[in-house]
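A.B. asks: Test case, fold it:
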Amino acid sequence: MNRRSFLAGTSAAVATAAFPAVLRAQGSDPIRIGCPLPLTGPFAALAADMQRGAQLAVDELNAKGGVMSRKVEVLFRDDQLKPAVGAQRTKELIENEKCLFIVGGLAAHVQMAINEQTKKSKVLFISTSQSDEISAKPDTSPITFHEALNPTITSRVMGTWTAQNLGKKWWIIYADYAWGKQNNAVLQDTLQKNGGTLLGATPYPLGSAEFSAHLPKIQAAKPEVLMSVTPGADNIAFLKQARSFGMDKSMKLAQPLLWISYLKEGGPELYSDVYGSINWYWELQDTIPSARKFVEASMKKFNMPPGDYGAYSYSGVLEVARGVELAKSTDSEAVANALRKSPVYDHFKGKQWWRTCDNKAMQDMWIVKGRGPGKTKGEWGLMDMVAKVTADEKNDRTCAEKGFI
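C.D. replies: Okay, the predicted model is just below:
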């Protein structure tokens, strides 16, 4: 054997020996999930809830040995509630931190920017923010899933219940951005279909929670219901100003959503008898086994029950893991296909399922109202559950309406 043949043979043998080690190293790397959230700003309390939910999911998975014998990690980044920042943080999570999946988003306009980046990177994204566009063409994709409720479902359900139970003469005040506009449009349509009358609709800039200039005009119109689409910290500011004008004495206060984090921050005096809908409430643990497990884990780790948006991130991370196990792969397309083929899941509140055409999570929701002073149950028993609304695909737009043939 000449020297050239010897060197060639030796190199091939070394490469053959080393290659399985490379595969083993890759296979033992953690499965990283990126989570861009508005950790600062008016949605910070909801984002903190989502952090806790995702951490609980990771703890649960790793306690069972991880996913495909690989540890799971979740990496959080502050998107500052800005679309450009959300896209950049998502790109960094994928390219620099080697995240294989993205779960997160907490504002309609920011999640759309996150989605554009995950589509470019061919990375599965489970959105946890309300939006109508995220599960519709042209914005969605085969690797885009939507765990949260959306404005159509929320405002059709809450709007119908409100018109039938609280009154049919409304004034709507709404944040002038994607989520607020979508809810306003659906609420107006729902009110009309229920034979109601819209007395007026007032937009305001998100994060600029000064309402006092608008309230005298609303008060003079004498609506039966003041429907507020005021998310995050704006909701507390709005209710303080509405109550200072005594509007809670002459009309019902309702909104598409109530958020546990802000009921806790605002207190029972502020949220007493305010109506809204919600995807999850911790007192469901009394009747639903998966809810009980979720609450117990949160109380043990954080000494507080999980909130409504923490439930979204918890479920989103667990769905990534379920998809990986079903597909026996971390390839995003394979995971997405596996979830569509096995769409039913129950992580925290009973049966949910992915609708095949649009990867939209269908789920139960509840009509709730804030408990007043002296009526709360402990530190976190802040709501009465008024009615359950069972999951029904009819509450959302049809697949054809979303652009699917």
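A.B. asks: from here on, contacts and neighbour counts on C-alpha atoms
C.D. replies: Will do.
A.B. asks: Next, Ile33: phi, psi?
C.D. replies: The phi/psi pair for Ile33 (degrees, to the nearest 10) reads phi -120, psi 120.
A.B. asks: what about it, neighbour count?
C.D. replies: 27 (other Cα atoms under 10 Å).
A.B. asks: mind checking how far it is from Phe125?
C.D. replies: 10 Å (Cα to Cα, to the nearest Å).
A.B. asks: And for Lys328, the neighbour number?
C.D. replies: Using other Cα under 10 Å: Lys328 sits among 14 other residues.
A.B. asks: Common neighbours of Ile33 and Phe125, please.
C.D. replies: Phe101, Ile102, Val103 (Cα atoms under 8 Å, 6 or more residues apart in numbering).
A.B. asks: Just confirm the last one contacts Thr128, I think it does.
C.D. replies: Yes: in this structure, Val103 sits in contact with Thr128. The criterion is Cα atoms under 8 Å, and the distance is 7.0 Å.
A.B. asks: on that earlier part again, which one of the shared contacts of Ile33 and Phe125 has the most neighbours?
C.D. replies: Compared across the shared contacts of Ile33 and Phe125, Val103 has the highest neighbour count, 30 neighbours, by other Cα under 10 Å.
A.B. asks: show me what contacts Pro343?
C.D. replies: Here Pro343 is in contact with Trp353, Trp354, Arg355, Thr356 (Cα under 8 Å, 6+ apart).
A.B. asks: State the distance from it to Cys357.
C.D. replies: 12 Å.
A.B. asks: and if you look at Leu199?
C.D. replies: 37 Å.
A.B. asks: Looking at the two, which one has more neighbours?
C.D. replies: Cys357 (17 against 14).
A.B. asks: Quick check, that one in contact with Gly403.
C.D. replies: No: using Cα under 8 Å, Cys357 is not in contact with Gly403, being 9.8 Å away.
A.B. asks: contacting residues for the residue nearest the centre of the chain?
C.D. replies: By Cα atoms, centre = their mean, the mean C-alpha position of the chain lies nearest to Thr128, the distance being 2.8 Å. Residues in contact with Thr128 (Cα under 8 Å, 6+ apart) are Val103, Gly104, Gly105, Leu106, His146, Glu147, Ala148, Tyr309, Tyr312, Ser313, Gly316.
A.B. asks: Equivalent analysis for Met362, please.
C.D. replies: Met362 neighbours (Cα under 8 Å, 6+ apart): Gln352, Trp353, Trp354, Arg355, Ala391, Asp392, Glu393.
A.B. asks: which of the residues you listed has the most neighbours?
C.D. replies: Counting neighbours by other Cα under 10 Å, Trp354 comes out on top of the contacts of Met362 with 21 neighbours.
A.B. asks: and that one, what is it in contact with?
C.D. replies: Contacts for Trp354 (Cα under 8 Å, 6+ apart) come out as Leu339, Arg340, Pro343, Val344, Lys360, Ala361, Met362.
A.B. asks: repeat that with 7 Å
C.D. replies: Arg340, Pro343, Val344, Lys360, Ala361, Met362 (Cα atoms under 7 Å, 6 or more residues apart in numbering).
A.B. asks: Next, work out how far apart the closest residue to Gln80 other than its chain neighbours and Phe211 are.
C.D. replies: Using Cα to Cα, 6 or more residues apart in numbering and skipping the chain neighbours, the partner closest in space to Gln80 is Pro38 (4.8 Å). Going from Pro38 to Phe211 by Cα to Cα gives 24 Å.
A.B. asks: What is the neighbour count of the residue nearest to Ile260 when sequence neighbours are not counted?
C.D. replies: Spatially, and ignoring its direct neighbours in sequence, Ile260 is nearest to Gly307 (5.8 Å; Cα to Cα, 6+ apart). Here the count is done by other Cα under 10 Å, and Gly307 has 24 residues near it.
A.B. asks: Which of the contacts of Pro343 fall within strands?
C.D. replies: Among those, the members found in strands (DSSP state E) are Trp353, Trp354, Arg355.
A.B. asks: Between those, which sits nearest Ala334?
C.D. replies: Closest approach between those and Ala334, by Cα to Cα: Trp354, at 15.5 Å.
A.B. asks: Please report how far the closest one lies from Lys360.
C.D. replies: 5 Å.
A.B. asks: next one: Gln255
C.D. replies: Separation of Gln255 from Lys360 (Cα to Cα) stands at 23 Å.
A.B. asks: for Ala201, same thing?
C.D. replies: Using Cα to Cα, Ala201 is found at 29 Å from Lys360.
A.B. asks: so what secondary structure elements neighbour the host helix or strand of Gly34?
C.D. replies: Gly34 is part of strand 31-37, with elements assigned from DSSP states H and E. In terms of contacts (3 or more Cα pairs under 7 Å, 6 or more residues apart in numbering; DSSP states H and E), strand 31-37 is packed against strand 72-78, helix 83-95, strand 101-104.
A.B. asks: how much does the second one deviate in direction from strand 31-37?
C.D. replies: This points to helix 83-95. 170 degrees (axes from the mean of the first three to the mean of the last three Cα atoms, to 10 degrees).
A.B. asks: go on, the first one?
C.D. replies: Comparing the axes of strand 72-78 and strand 31-37 via the same axes, to 10 degrees yields an angle of 20 degrees.
A.B. asks: in its sheet, what does strand 72-78 sit against?
C.D. replies: strand 31-37 (parallel) (DSSP bridges).
A.B. asks: next SSE after the strand it pairs with?
C.D. replies: Going down the chain from strand 31-37, the next helix or strand is helix 44-63, by DSSP H and E.
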